[in-house]
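Q: Mind folding the following:
(chains A and B)
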Amino acid sequence: MNIVTRFAPSPTGYIHIGNVRSAIYPYLLAHQSEGEMILRIEDTDRARYVEGATELIEDTLEWLGLNWDEGPIVGGPNGPYFQSERKDIYHAWARKLIASGRAYADPTTPEEIAKYREECNKAKTPFLYRNYRPENTPEWEPGIPLRFKTEPKEYSWHDEVMGDMHAGPEVLDDIILIKKDGYPTYNFAHIVDDAEMGVTHVMRGVEYLSSTPNYLALYEALGLEHPKFVSLPHILAPNGNKKLGKRDGAKSVTEYRDDGVLAEAMLNYLACLGWNDGTEQEIYTKSELIQKFSLDRIQSSGARYDETKLLWLNGQWIRKIFTEQGADALYARTDGFWPDIAASATDKYKLQVLSIIYDRLKTLSDLRDMTAYFFSDPRLDLDMLINNKYLKKLSESEMEGLLKLTIAKLTDLESWDADSIQNALNELLADTGKKPAELFSLIRIAVSFAPFSPALHLTLSILGRDTSLARLNTVARNI
RNA sequence: GGCCUCAUAGUAUAACGGUUAGUACAUCGGGUUUUCAUCCCGACAAUAGGAGUUCGACUCUCCUUGAGGUCACCA
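A: Modelled structure (predicted):
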């Protein structure tokens, strides 16, 4: 039997770091065989529904490369894939339960229920609705919630991550199946949908672990085999021990895209947060993840989100793409990350800049702050020269002298390429008897006025002779 | 509170019941003709506590502690 997994978010907002893993793992699992992943939108809570959230979710999955095989946009044989469009299906299943005496319309008002609950709290006994079942129940009709009539008993099951589980009757209750607005609850809808759609592995956060016995009871009453259960531990916020959520400032996944994080790095990081293949490998491509993923190596404890490691991984991926796929491949990803003043520069020039600066990038958006001096003359900041720790010993007239020597040397240079420039700089070192730290820092700063920059000969070669000499002259005149 | 889950360095993790408890990030040092970064080398740093089983426990059992989840007409 082929593996069928699903990602079933409710359209209440963006997908963030804390919950995207429940899309990644189903994707990996389904694709390591001939299986498929379904995207199902669980939009039965009309109050929390957010316009546009579905598109946000789709955008996120597409960016990460987690294509779904069935669902919105792509369709499929088991649609519709929006729960709001499947009301009839839920009602049909609900009627089966009514017919078999396993569901009842519940006329009890929320106020009465609250009262029962309060009584139990006072008596310090656990509140179970099944102890308060109304004696006379009406015919089920719109406007009245439908409840499951549970049969308290023991349940044992296996969770692929948590192991063998067991629960007693004390957790079984008459859960609501259909709300008074006619929409099903999650508890009921997901069971029906997973069964109808042939889902074999239900992967979801551990918060559903406690509800599983109630689901087991429902599967039983519905005459359905239950799928395999895979409980995914929470991702914890950087601070405290709470699971990472929007309230903790969990950023949306696509916000990282805008910040210049590569999809490959994001997928790599998230997949390995709470899972590993037992080796010491750190960098995984998507196909390696698909190949190596396994349920039994998912961690059973929560994992803390660590942005520093994400950024490190992103730097690794930037370099990996550059060296393995070439400068053009990386350049193709940099659209929108250059400083505004680079707008008029040619692709060829920007590609050259990228080629000498890429190994300094943690994110693509670092380009914005790190490359400005390649596109326009930097603002003169003589203090930066005077206060530099390597240049402190030099007087201003010494600096001027060195700059003039440099200008003369570079003006006479026959060919303006990195190697020739390096040779000239080396000769200059010999001629002046200065240490690289002094001479190179002076030239580097004079030409960039940036706290750091790529290797000097590369920077000069890309800046070009005219620009380099003009900037050196400006500093020599003003110092 | 009831029920459930989890527990190796700051973080993420590795370790058929037998290793000097490994690796990566972070941190701190050092190296590569300037800086920043890359790359390389090195250092710091952990089995929550207590019983038990065993020749031997990170690993199995129990207790304690700590953390989390769940007890909705939300998912």
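Q: what's A:Leu236 sitting at in phi/psi?
A: Recorded main-chain torsions at A:Leu236 are phi -90, psi 150, according to degrees, to the nearest 10.
Q: Could you count how many residues lie near it?
A: 20 (other Cβ atoms under 10 Å). (Glycine included, C-beta is placed from N, CA and C.)
Q: How about the residues of the stretch 201-350 of chain A by RNA strand B?
A: A:206-211, A:234, A:236, A:240-243, A:272-276, A:278, A:280, A:282, A:297, A:299-304, A:306, A:308-309, A:312, A:315-316, A:319 (Cβ under 7 Å from any atom of the strand).
Q: just the buried members of those?
A: Using 16 or more other Cβ atoms under 10 Å as the burial test, these include A:206, A:208-209, A:234, A:236, A:243, A:272-276, A:302-303, A:315-316 as buried.
Q: Just give me the closest of those to A:Leu382.
A: Of all these, A:Leu382 sits closest to A:Gly315, with 33.2 Å by Cβ to Cβ.
Q: What residues does the closest one make contact with?
A: Residues in contact with A:Gly315 (Cβ atoms under 8 Å, 6 or more residues apart in numbering) are A:361-362.
Q: Tell me which of the residues of the stretch 201-350 of chain A next to RNA strand B fall in helices.
A: A:308-309, A:312, A:315-316, A:319 (DSSP state H).
Q: For the closest residue to A:Trp312 other than its chain neighbours, give its distance to A:Leu313.
A: Residue nearest to A:Trp312 in three dimensions, not counting chain neighbours: A:Lys362, with 7.6 Å by Cβ to Cβ, 6 or more residues apart in numbering. Noted for A:Lys362: a distance of 10 Å to A:Leu313, by Cβ to Cβ, to the nearest Å.
Q: Over to A:Asp359?
A: 15 Å.
Q: Which one of these two is surrounded by more residues?
A: Taking other Cβ under 10 Å, A:Asp359 and A:Leu313 do not tie; A:Leu313 has more neighbours (23 against 12).
Q: Which residues does the helix or strand hosting A:Arg95 contact?
A: Element membership for A:Arg95, per DSSP states H and E: helix A:87-99. Contact with helix A:87-99 is made by A:103-104, A:140, A:146, A:148, A:177-178, A:182-184, A:188-189, A:192-193, A:196, A:221-222, as judged by Cβ under 8 Å, 6+ apart.
Q: change it to 6 Å
A: A:103, A:140, A:146, A:177-178, A:184, A:189, A:192 (Cβ atoms under 6 Å, 6 or more residues apart in numbering).
Q: buried stuff in that helix?
A: In helix A:87-99, counting by 16+ other Cβ under 10 Å, buried: A:89-91, A:93-94, A:97-98.
Q: Make TSV from those and add distance to A:Ala114 to it.
A: TSV is the format used below for the buried residues of helix A:87-99 (distance: Cβ to Cβ, whole Å):
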residue	distance to A:Ala114
A:Ile89	32
A:Tyr90	26
A:His91	28
A:Trp93	29
A:Ala94	25
A:Leu97	26
A:Ile98	26
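Q: between the residues you listed, which is nearest RNA strand B?
A: Using Cβ to the nearest atom of the strand, A:Tyr90 comes nearest to RNA strand B of these, at 11.2 Å.
Q: For the closest one, which non-adjacent residue is spatially closest?
A: A:Pro184 (4.2 Å).
Q: number of nearby residues for A:Gln281?
A: When neighbours are counted by other Cβ under 10 Å, A:Gln281 comes out with 11.
Q: ok, now A:Thr371?
A: 26.
Q: and the spatially most central residue of chain A, what is it in contact with?
A: Geometric centre of chain A, nearest residue: A:Val253, 3.9 Å, by Cα atoms, centre = their mean. Residues counted as contacts of A:Val253 (Cβ under 6 Å, 6+ apart) are A:15, A:20, A:60.
Q: switch to 8 Å and redo it
A: A:14-17, A:20, A:60, A:63-64, A:266.
Q: what's the pLDDT at it?
A: The model reports A:Val253 with a pLDDT of 95.
Q: quick revisit: give me the mean pLDDT for the helix holding A:Arg95.
A: 97.
Q: That helix and RNA strand B, are they touching?
A: No. On the criterion Cβ under 7 Å from any atom of the strand, helix A:87-99 is out of touch with RNA strand B, staying 11.2 Å away.
Q: Show residues contacting stretch A:331-341.
A: A:260, A:262, A:321, A:345, A:347, A:350-351, A:354, A:364-365, A:367-369, A:371-372, A:375-376.
Q: PyMOL command for the buried members of those residues?
A: Filtering those down to the buried ones (16+ other Cβ under 10 Å) takes a single PyMOL command:
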select buried, chain A and resi 260+262+321+345+350+351+354+364+365+367+368+371+372+375
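Q: Just the ones of the contacts of stretch A:331-341 in helices?
A: Filtering the contacts of stretch A:331-341 for helices - DSSP H - leaves A:321, A:347, A:350-351, A:354, A:367-369.
Q: Lowest-confidence one in these?
A: Per-residue pLDDT puts A:Asp369 lowest of those, at 92.
Q: give me every residue that touches that one.
A: So, once contact is read as Cβ under 8 Å, 6+ apart, A:Asp369 ends up touching A:Pro339.
Q: what's the distance between it and RNA strand B?
A: 11 Å (Cβ to the nearest atom of the strand, to the nearest Å).
Q: Just the mean pLDDT for stretch A:51-63, thanks.
A: On average, stretch A:51-63 scores 97.
Q: show me the contacts for A:Leu425.
A: A:439-440, A:443, A:456-457.
Q: let's see 7 Å
A: A:456-457 (Cβ atoms under 7 Å, 6 or more residues apart in numbering).
Q: that older thread, switch the ones in helices among the residues of the stretch 201-350 of chain A next to RNA strand B over to a markdown table; also include pLDDT and distance to A:Glu400.
A: Formatted as a markdown table, these follow (pLDDT from 0 to 100; distance: Cβ to Cβ, whole Å):
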| residue | pLDDT | distance to A:Glu400 |
| --- | --- | --- |
| A:Thr308 | 96 | 43 |
| A:Lys309 | 97 | 47 |
| A:Trp312 | 97 | 42 |
| A:Gly315 | 97 | 39 |
| A:Gln316 | 97 | 43 |
| A:Arg319 | 97 | 39 |
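Q: what's the offset of stretch A:280-291 from the middle of its chain?
A: Chain-centre distance of stretch A:280-291: 16 Å, with Cα atoms, centre = their mean, to the nearest Å.
Q: Just the residues contacting it, thanks.
A: Against stretch A:280-291 from outside (Cβ under 7 Å, 6+ apart): A:28, A:31-32, A:65, A:264, A:267-268, A:271-272, A:316, A:320.
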